[in-house]
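Enquirer: Sequence plus the predicted model coming up.
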There are 2 protein chains.
Amino acid sequence: MTVGIYGLGRFGAFWGDQLSRFFTVKGYSRSEKRFCPKTIERVTEDEIFNCDVIIICVAISAMENFLRNIKDKVKPGTLIMDTCSVKVYPVNLMLEILPEYVDILGTHPMFGPDSGKNGVAGLPIVVSKARLSDSLYKKWIEAFNNMNLSVIEMSPDEHDKEAAYTQGITHFIGRTLSDMNLKSSTISTTGYISLLEIIKQTCNDEYQLFLDLQKYNSYTSIMRNDLKNSLHKVLKVIEAKITEGDNA
Amino acid sequence: MTVGIYGLGRFGAFWGDQLSRFFTVKGYSRSEKRFCPKTIERVTEDEIFNCDVIIICVAISAMENFLRNIKDKVKPGTLIMDTCSVKVYPVNLMLEILPEYVDILGTHPMFGPDSGKNGVAGLPIVVSKARLSDSLYKKWIEAFNNMNLSVIEMSPDEHDKEAAYTQGITHFIGRTLSDMNLKSSTISTTGYISLLEIIKQTCNDEYQLFLDLQKYNSYTSIMRNDLKNSLHKVLKVIEAKITEGDNA
């Protein structure tokens, strides 16, 4: 079985390389400048459509145009998987735009070149059954299990609700602290060192991914509101404490 | 040489236990309920004042009253060290309140029972020379070096400026996220797991310490303002991104 990676960005190249230990992996990127690991055979766009499985590794915000561009090129019986960090939006788009004769599986590999730099064993991948036979679905659950991934079956909605308060908030905190230009210090506590690592890790991803995570997961707006409220609540407690001292 | 720990709270008990590997350590707490490690000899308040060194382990906000209470009980030639997480405020108080005939050293051991649970080797301790001879000062630098601590000499002001943006922000983020009731998840990314650990670690400390850190380090108000500004800046970028989509 051949797997085609469409999009050799930072994540696509990484994920294709991981998959190459189990499958024949081909890769295509519009940009010839993109780095392609040796384990992935770089091919033309046409050749990607000959693969049994096509794994889409493009930005969330590019998904709609991308799907409209490929919908007449995909061949019957191909399995299309997305890898977006949100699920409701791309799964709905795939169901709406892709022809009936292709199979569709939503996936969110919850790792990347940073968190997976020592291997992906034990790391989570969310799968959302979209439009494919039970047997093909089970086959892929098994394949991801064989890769030692922690496979989590979730509906796109369940995923987005949970991801807003896990991945979404982590990226939001990382980007906010990064804006503050925090630096390492001789008096770093272990907690502060962890904070700097979160900044580094979240900001290694493209800014586009951060914005897309916040924009295309509708639950993140509730999360951002919650965070804003908690921040102001804690600020208020501190102000009260400081004022209390003034009166003492 | 005997070291007296005044205050057997969470930190006092931990720090006394660490010091007991190198010194004879006695401990006193107003509350008899406080846990006292076997390595620390529990004594009366009077006996603490017979120690060569008294290490103050009380809340920052309790320092002023505490110092006024002990100032007539301390004996000439005693070395008094505080361990507060801020330095300008307690060092100024010690210089102002304690009699001329006692020596004063400001310290901030930048670890606790959580971050030091696997030992304190390599962890930082800030020392601020307040009022003591060069030879006594050097002796304590050496003693902390012998404990394998990373000794950092800083003025109280330098310490507070730097701590606001390291320890201060970490506690602030920890308390804010804790208020959001974040939970562990099957789809935790490694960054999110680090975030949960920061919450756990900062919230294991008493709420009093958090408020004191924010109140008695005057640089934290600038830090909180910076954080608020960065948060609103990032929120604005996201809003703009979302609106951009509406017009597309």
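Expert: Perfect, I can see it now.
Enquirer: Contact partners for the residue nearest the centre of chain A?
Expert: A centroid search over chain A (C-alpha atoms, centre = their mean) returns residue A:85, at 3.2 Å, as the residue closest to the centre. Listed by C-beta atoms under 8 Å, 6 or more residues apart in numbering or on different chains, the contact partners of residue A:85 are A:60, A:108, A:163, A:167, A:209, A:212-213, A:217. Glycine gets a C-beta too; all of them are placed from N, C-alpha and C.
Enquirer: Which members of these are classed as buried?
Expert: A:60, A:108, A:163, A:167, A:209, A:212-213, A:217 (16 or more other C-beta atoms under 10 Å in any protein chain shown).
Enquirer: nearest to chain B, of those residues?
Expert: Of all the buried ones among the contacts of residue A:85, chain B sits closest to residue A:167, with 5.1 Å by C-beta to the nearest C-beta.
Enquirer: Would you mind measuring from the closest one to residue B:24?
Expert: According to C-beta to C-beta, to the nearest Å, residue A:167 and residue B:24 sit 52 Å apart.
Enquirer: got JSON lines for the buried ones among the contacts of residue A:85, with secondary structure too?
Expert: As requested, the buried ones among the contacts of residue A:85 are arranged in JSON lines below (DSSP: H, G, I helix; E, B strand; the rest coil):
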{"residue": "A:60", "secondary structure": "helix"}
{"residue": "A:108", "secondary structure": "strand"}
{"residue": "A:163", "secondary structure": "helix"}
{"residue": "A:167", "secondary structure": "helix"}
{"residue": "A:209", "secondary structure": "helix"}
{"residue": "A:212", "secondary structure": "helix"}
{"residue": "A:213", "secondary structure": "helix"}
{"residue": "A:217", "secondary structure": "coil"}
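Enquirer: Tell me which helix or strand in chain A has the weakest average pLDDT.
Expert: When each helix and strand of chain A is scored by mean pLDDT, DSSP states H and E, helix A:220-247 comes last, with a mean of 90.
Enquirer: what packs against it?
Expert: If you count contacts as 3 or more C-beta pairs under 8 Å, 6 or more residues apart in numbering or on different chains; DSSP states H and E, helix A:220-247 packs onto helix A:169-179, helix A:207-216, helix B:169-179, helix B:207-216, helix B:220-247.
Enquirer: what about the residue nearest to the centre of chain A, distance to residue A:213?
Expert: Distance of residue A:85 to residue A:213, given as C-beta to C-beta: 5 Å.
Enquirer: Now do the shared contacts for those two.
Expert: A:60, A:163, A:167.
Enquirer: so what pLDDT did the first one get?
Expert: At residue A:60 the predicted local distance difference test score is 95.
Enquirer: Same question for the last one.
Expert: Residue-level confidence at residue A:167 comes out at 92, pLDDT.
Enquirer: Okay, residue A:105 and residue A:164: tell me how far apart.
Expert: 22 Å.
Enquirer: hmm, I was thinking of residue A:226
Expert: Counting by C-beta to C-beta, the gap from residue A:226 to residue A:164 is 10 Å.
Enquirer: Look at those two and report which has more neighbours.
Expert: Counting neighbours by other C-beta atoms under 10 Å in any protein chain shown for residue A:226 and for residue A:164 shows that residue A:164 has the greater number, 23 against 17.
Enquirer: That one reaches residue A:227, doesn't it?
Expert: No - if you go by C-beta atoms under 8 Å, residue A:164 and residue A:227 don't touch, sitting 10.6 Å apart.
Enquirer: what about the strands in chain A?
Expert: Assigned by DSSP state E, the strands in chain A fall at A:2-6, A:24-28, A:41-42, A:53-56, A:79-82, A:103-109, A:124-131, A:150-153.
Enquirer: Low-confidence regions, chain A specifically.
Expert: By pLDDT under 70, the weakly predicted segments of chain A are A:245-248.
Enquirer: Tell me, how many residues neighbour residue A:135?
Expert: 7.
Enquirer: Over to residue A:115?
Expert: The tally of other residues near residue A:115 (other C-beta under 10 Å) stands at 16.
Enquirer: for it, phi and psi?
Expert: Here is the backbone geometry of residue A:115 (degrees, to the nearest 10): phi -70, psi -20.
Enquirer: Just give the closest residue to it, not the sequence neighbours.
Expert: residue B:190 (4.2 Å; C-beta to C-beta, 6 or more residues apart in numbering or on different chains).
Enquirer: For residue A:166, see how far away the one you found is.
Expert: For residue B:190, the distance to residue A:166 (C-beta to C-beta) stands at 11 Å.
Enquirer: neighbour-wise, which of the two wins?
Expert: Shown here are residue B:190 and residue A:166; by other C-beta under 10 Å, residue A:166 has more neighbours (25 against 18).
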